[in-house]
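Asker: would you be able to build a 3D model of this:
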Amino acid sequence: MKKLVLVLMFALVMTGCGKEKADDSENNSTVVENQNNQENQGSESKNDEKTDTNKVTEPKGYVFEYNGVKIGMDMEAAPIIAALGEADSYFEAPSCAFEGLDKTYSYGSFEIDTYEQDGKDYISTVFFCDDLIETPEGVCLFETKADMIKAYGEGFKEEFGMLVYEKEGMKLKFILEGDEITSIEYSSTVLDVQ
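Answerer: Got it, this is the predicted structure:
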């Protein structure tokens with residue numbers, strides 16, 4: 001368990017404080033509206049949203065789901081946090097990548113990190129804390145590299161000791177010790193150095 005905590009702390013440092021602030025004009029994936037709100041809007045409203053290059057109208061890439069709540073990277077955090085209910089614990093600190101605060105919400109088996117931009121919070125990462133949850137594709141902590149490849153294929157890259165799948169502006173990261181998955185993280189690329 002201590003190794004897992006250290007790995008998670010390392011991943012948090014790698015995704016936050018060592019990164020430069022991304023240029024807003026280069027980042028077209030910083031605002032995502034709640035999928036449920038989108039489904040209730042008329043088609044005319046949807047067409048207007050698609051013309052704004054800073055808005056993405058639905059979760060993208062690999063999406064984590066918990067109790068029916070879809071959690072995609074760069075989605076607005078407030079509706080997700082409200083749908084999940086009160087967190088087991090909460091932490092905030094001044095951001096070293098953006099203006100405002102970085103926030104961490106712990107829900108027992110997973111943690112959600114957010115970044116602030118234009119006065120709103122957006123999902124930056126989801127960390128798995130134990131093997132009581134799994135990805136929608138059926139992979140959980142302590143399974144094997146073969147299980148990961150069966151679910152996601154061999155199209156991963158190796159970055160900083162992690163096996164990384166990238167899709168639609170987000171990353172799904174796995175850390176292995178030997179053949180065992182010891183860390184799973186969904187991550188926005190908004191924190192990557194541009």
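Asker: neighbours around the nearest residue to residue 80 once chain neighbours are set aside, how many?
Answerer: Closest residue to residue 80 in three dimensions, ignoring its sequence neighbours and counting by Cβ to Cβ, 6 or more residues apart in numbering: residue 71, at 5.6 Å. The way it works is simple: take the backbone N, C-alpha and C, and place the C-beta from them, glycine included. Neighbouring residues of residue 71 were enumerated by other Cβ atoms under 10 Å; the total is 20.
Asker: contacting residues around residue 71?
Answerer: For residue 71, the contacting residues are 59, 63-65, 80, 112, 123, 126, 186, taking Cβ atoms under 8 Å, 6 or more residues apart in numbering as the criterion.
Asker: with residue 62 instead?
Answerer: Listed by Cβ under 8 Å, 6+ apart, the contact set of residue 62 reads 135, 137, 165, 167, 170, 172, 186.
Asker: picking up where we left off before, pipe the contacts of residue 71 into JSON lines and attach distance to residue 151 per row.
Answerer: Supplementary listing: the contacts of residue 71 in JSON lines, determined by distance: Cβ to Cβ, whole Å:
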{"residue": "59", "distance to residue 151": "18"}
{"residue": "63", "distance to residue 151": "14"}
{"residue": "64", "distance to residue 151": "14"}
{"residue": "65", "distance to residue 151": "15"}
{"residue": "80", "distance to residue 151": "24"}
{"residue": "112", "distance to residue 151": "22"}
{"residue": "123", "distance to residue 151": "22"}
{"residue": "126", "distance to residue 151": "17"}
{"residue": "186", "distance to residue 151": "14"}
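Asker: which one of those sits closest to residue 100?
Answerer: If you rank those by distance to residue 100 using Cβ to Cβ, residue 123 comes first, at 14.5 Å.
Asker: shouldn't that closest one be in contact with residue 79?
Answerer: No. Using Cβ atoms under 8 Å, residue 123 is not in contact with residue 79, being 10.6 Å away.
Asker: which one's more surrounded, those two?
Answerer: Under the neighbour definition other Cβ under 10 Å, residue 123 and residue 79 were set side by side, and residue 123 has more, 27 against 15.
Asker: for residue 148, give me the pLDDT.
Answerer: Here, the pLDDT recorded for residue 148 equals 98.
Asker: list only buried entries from the contacts of residue 71.
Answerer: Members of the contacts of residue 71 that pass the buried threshold by neighbour count (16 or more other Cβ atoms under 10 Å) are listed as 59, 63-64, 80, 112, 123, 126, 186.
Asker: show me the contacts for residue 188.
Answerer: Under the contact definition (Cβ under 8 Å, 6+ apart), the residues listed for residue 188 are 29, 73-74, 115, 122-125, 169-171.
Asker: this protein: helices as residue ranges?
Answerer: 2-15, 35-40, 43-51, 77-84, 145-152 (DSSP state H).
Asker: so where's the protein uncertain?
Answerer: Applying pLDDT under 70 to the chain flags residues 1-57, 193-194.
Asker: burial count for residue 119?
Answerer: Neighbourhood size, residue 119 [other Cβ under 10 Å]: 7.
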